[in-house]
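A.B. asks: Give me coordinates for this.
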Amino acid sequence: MARKRLVKQVANHGRIAQVYRNGEYDEFEVRFSINGEDCGSESDYFTNDKDDAIETAEHWVTEEN
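C.D. replies: Just a heads-up that it's a prediction; the model follows:
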C-alpha cells in the first residue's frame, strides 16, 4: 500500500495543485485539479526533488489559461 503524505497544496482561481511525498517509491507526486475536478492520472507529475515538485505546483496554478 502506498504511503503518501501531503507536503503542500497551492491554489489560485480554482486551480489546485497538491504535492505528495510517496515513501514507497521515494518520490514526490504533484496532482492537479480545476474547480474541484481531478485532471486525471495522466497529468500527474513525478520527481525525486521536493523543490522541483513545489515549483511545478506553484507555476501551474499561476499560469495563464
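
A.B. asks: Residue 57 contacts residue 8, doesn't it?
C.D. replies: Yes - contact status for residue 57 versus residue 8: in contact at 6.7 Å, counting by C-beta atoms under 8 Å. Where you see a C-beta, it was placed from the backbone N, CA and C, and this is true even at glycine.

A.B. asks: Now the common contact residues for the two.
C.D. replies: Residues touching both residue 57 and residue 8 (C-beta atoms under 8 Å, 6 or more residues apart in numbering): 18-19.

A.B. asks: which of these two has more neighbours?
C.D. replies: Between residue 57 and residue 8, counted using other C-beta atoms under 10 Å, the more crowded position is residue 57 (25 against 16).

A.B. asks: Please, which helix or strand holds that one?
C.D. replies: Following DSSP states H and E, the helix or strand that holds residue 57 is helix 50-62.

A.B. asks: Kindly provide the whole-number mean pLDDT of that helix.
C.D. replies: Averaging pLDDT along helix 50-62 yields 97.

A.B. asks: who's in contact with it?
C.D. replies: Contacts for helix 50-62 (C-beta under 8 Å, 6+ apart): 7-8, 10-12, 15-19, 21, 28-30, 32, 45, 47.

A.B. asks: now swap in stretch 5-23 and tell me
C.D. replies: Contacts of stretch 5-23 (C-beta under 8 Å, 6+ apart): 2-4, 28-36, 50, 53-54, 56-58, 60-62.
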